[in-house]
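>>> Predicted model, plus sequence, below.
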Amino acid sequence: MVEMVTKPYAAAFEKHALANPDVLCLSADLTSSCEIDKFRDRHPEQFLSMGMAEQNMMSFAGGLGLAGFRPFIHTFGVFMYRRPYDQLMASIAYPRRKVRLMAFLPGITTPGGMTHQSIEDISVMRSIPNMTILETGDATEVESICEAADYIDGPVYCRVLRGSIPRLFDTPIEVGKMRELASGDDVLVVTAGICTEEAMRARSVLEKAGVGVRHLHLHTIKPFDSAALLDHIGSVKHGVVTLENHVTEGGIGSLVAETMADAGIGKRLVRLGLKDTYAHGGSRAYLMRYYGLDAIALVRGIEDLMKADFNISEEDLETARVEAVHSLAKAEGL
Amino acid sequence: MQNQRRTEDVALGIRRRVFEHAIRNNGGYLSQACSAAEQLAWLYNEELNLGEPTLPMIPKPFGGVPSATNPDYHTGAGYNGPFESQYDRLFIAPAHYALNAYATLIEVGRMAPEGLEMFNKDGSSVEMIGAEHSPGMEVHNGTLGIGLSTAAGLSWGRKQRKETGRTWVFMSDGEVQEGQTWEAVQACAHHGIDNVFAIMDVNDQQCDGAMSSVMEVGDIRAKFLAFGAACVEIDGHDLSAMRDAVKEPHEGKPLIILARTNPFHTMSILEERFPRLHYVRFKSEDERARMNISIAKDLGIDPIDYAH
């Protein structure tokens, strides 16, 4: 069974910050919620409490960048851009400050409802010039996010997972690359974040049903390697299905659509995710089922794309497991 | 470059340049010269510790925005000298004061007069709303309220690095309507940031008119004090009051100098336009001609020959 890792961010951030004295830890009153409370207690000289004042925090971080520091801002994704969007633009993105926006609770990974769920953050960030976007999908990616983000010459928005996180991969984030998790030739599935684990569950059942799934996991959303994606699209017969913890407008579904349209690809694309809707408060599993972000939604999407019925039920998926990365099954075999 | 001329003369020079520019271009940010000339003249001619300019006296054209593919990008901060530990930094928070800031750079010998002729011309870096790449600017401040926060972050960082230079912010009073200003002050107080200084042009004017009619802000000195700043209120046309105000002790706190000013000081005819003084565009050739004669007389120069 897949290994679960508890709070990988906390340890990874502390290790990175201690090795890099110009890294500062900023928090907007969500210190334990972003797993940096122990860091605050142990390294107060590298920690700045900014209070519930995100507009000031963004411009202040821009000023710290001007002084040669590399602030890591910790708050929930929504609070990173909705209220302080103007400051994010003028004080961080435009001047290419090396500010690392560590955005916790991406999409529907919080029961907090509309005010806490960053369901359109990728869309917003993709349209900001100079912004890099990374998203974590497992414990290994969370463990490597600080180093990957801090390598970027400019601002970075990172969708970070917290708490108990499965380990799906055994290699760190390599910015700009995509992970090829399966290389079937019927349909290309493109996922990121928590949806990748869902796709892995669906894949094992689909493969039994004889569907050749080619599966890509994206940890780097911007910049994006269009050429690599086009190669993969060229390797499948039927088309592409995207599944994302985000609205289907402006996220990875749009990214794939734009890439296909720009290259004149005539294959079909099915975009799964939040369909022009807000979500409400509830457990992650409930919300993923309710809004169609889970494994069964992906199966139905592939059926739609291939105009087929694979006779796969929710029960089949419930028993589908994701094997541990170091098991003989090797989830990341490729 | 400091104290080569009397600060009063620098202030007069700023007003004359802004006036001439406004008359020739049928309008401009003229009232801001009335209110702010002493503050800008005092900062550049006396108070700021700045090095020699590092950018050409005649500004280069627009060189592109910051991007990974524009390695030669730089801001306009070089007109204020190099970034060195001992030197002060200045942010012009209300970026629409740019015309006045450029006039100041010319008056203190940091930019050639030709620079002002490039003002608001397509392809020029001498933009109407001062941009990062405009002469004397280091950060974008056209969105009001972000300047003090940026200065606070820079100041905290400079203190960590044991730099002795201060960060100054020239502010406008309309910015106190923005919540971010108060977030910035409370952050400075909480983190003991006392190497940040602001002088605010309290002219009681904003785009829509008199501030009291747009959004009453009450006793802003009391508010600054309550939020944890040191705050001194002075006559913003009194240079000796400025010199005294900066001596106010403010250990562990930012110092904010409220410079109470008159938006038609030295250009009395502008009172006709009260309360719409934010951007004075002449309503008729007759008004332009009358203002030309009246203001030239106030400033002790001949009327501007703008016909050709």
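Yes, it's here.

>>> So which bits of the stretch 101-250 of chain A are right by chain B?
The stretch 101-250 of chain A has residues A:P129, A:N130, A:D153, A:G154 near chain B, with proximity defined as C-beta under 8 Å from any C-beta of the partner chain. C-betas here are computed from N, CA, C, even on glycine.

>>> With neighbour count and distance to A:I145 added, can I get those residues in JSON lines?
Listed next are those as JSON lines, based on neighbours: other C-beta atoms under 10 Å in any protein chain shown; distance: C-beta to C-beta, whole Å:
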{"residue": "A:P129", "neighbour count": "13", "distance to A:I145": "22"}
{"residue": "A:N130", "neighbour count": "18", "distance to A:I145": "19"}
{"residue": "A:D153", "neighbour count": "10", "distance to A:I145": "17"}
{"residue": "A:G154", "neighbour count": "19", "distance to A:I145": "16"}
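
>>> May I ask which two of those are separated the most?
A:P129 and A:D153 (14.2 Å; C-beta to C-beta).

>>> want to throw the residues of the stretch 101-250 of chain A next to chain B into a markdown table with pLDDT and secondary structure?
Shown next, in a markdown table, are these (pLDDT from 0 to 100; DSSP: H, G, I helix; E, B strand; the rest coil):
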| residue | pLDDT | secondary structure |
| --- | --- | --- |
| A:P129 | 98 | coil |
| A:N130 | 98 | coil |
| A:D153 | 97 | coil |
| A:G154 | 98 | coil |
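
>>> What is the nearest of the residues you listed to A:L272?
Using C-beta to C-beta, those come closest to A:L272 at A:P129, 28.4 Å.

>>> Tell me which residues touch that closest one, please.
Residues in contact with A:P129 (C-beta atoms under 8 Å, 6 or more residues apart in numbering or on different chains) are A:A93, A:Y94, B:V65, B:S67.

>>> mind listing what the last one touches?
When you say that, I think you mean B:S67. By C-beta under 8 Å, 6+ apart, the contact set of B:S67 is A:R96, A:P129, A:N130, B:Y73.

>>> what does the second one give?
Listed by C-beta under 8 Å, 6+ apart, the contact partners of A:Y94 are A:P129, A:N130, B:V65, B:P66, B:E132, B:H140.

>>> which non-adjacent residue is nearest the fifth one?
Okay, so that is B:E132. Nearest residue to B:E132 in three dimensions, chain neighbours excluded: B:T75, at 4.6 Å (C-beta to C-beta, 6 or more residues apart in numbering or on different chains).

>>> in terms of contact, does that neighbour touch B:G136 like I think?
No - the criterion here is C-beta atoms under 8 Å, and B:T75 misses it with B:G136 at 9.6 Å.

>>> which one of these two has more residues nearby?
When neighbours are counted by other C-beta atoms under 10 Å in any protein chain shown, B:T75 and B:G136 differ, and B:G136 comes out ahead with 28 against 21.

>>> for the record, mean pLDDT for stretch A:40-60?
Across stretch A:40-60, pLDDT averages out at 98.

>>> actually stretch B:88-101, not the one I typed
pLDDT averaged over stretch B:88-101 gives 97.

>>> Could you see whether chain A lies near that stretch?
No - using C-beta under 8 Å from any C-beta, stretch B:88-101 stays clear of chain A, coming no nearer than 8.6 Å.

>>> what are the C-alpha coordinates of that stretch, in PDB please?
Only the C-alpha atoms of stretch B:88-101 are listed here, as PDB (Å, rounded to 0.1, in the frame of the first residue of the first chain):
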ATOM      1  CA  ASP B  88      19.300  56.700   1.600                       C
ATOM      2  CA  ARG B  89      16.600  55.600  -0.800                       C
ATOM      3  CA  LEU B  90      13.500  57.500  -1.800                       C
ATOM      4  CA  PHE B  91      10.100  56.200  -3.100                       C
ATOM      5  CA  ILE B  92       7.700  58.700  -4.600                       C
ATOM      6  CA  ALA B  93       4.500  56.900  -3.500                       C
ATOM      7  CA  PRO B  94       2.000  59.100  -5.400                       C
ATOM      8  CA  ALA B  95       3.500  58.400  -8.800                       C
ATOM      9  CA  HIS B  96       1.400  61.200 -10.400                       C
ATOM     10  CA  TYR B  97       3.800  63.600  -8.700                       C
ATOM     11  CA  ALA B  98       6.300  62.500 -11.300                       C
ATOM     12  CA  LEU B  99       6.400  65.800 -13.200                       C
ATOM     13  CA  ASN B 100       7.400  67.500  -9.900                       C
ATOM     14  CA  ALA B 101       9.900  64.800  -9.100                       C
END
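
>>> tally of neighbours for A:G176?
Counted with other C-beta under 10 Å, A:G176 comes out at 14.
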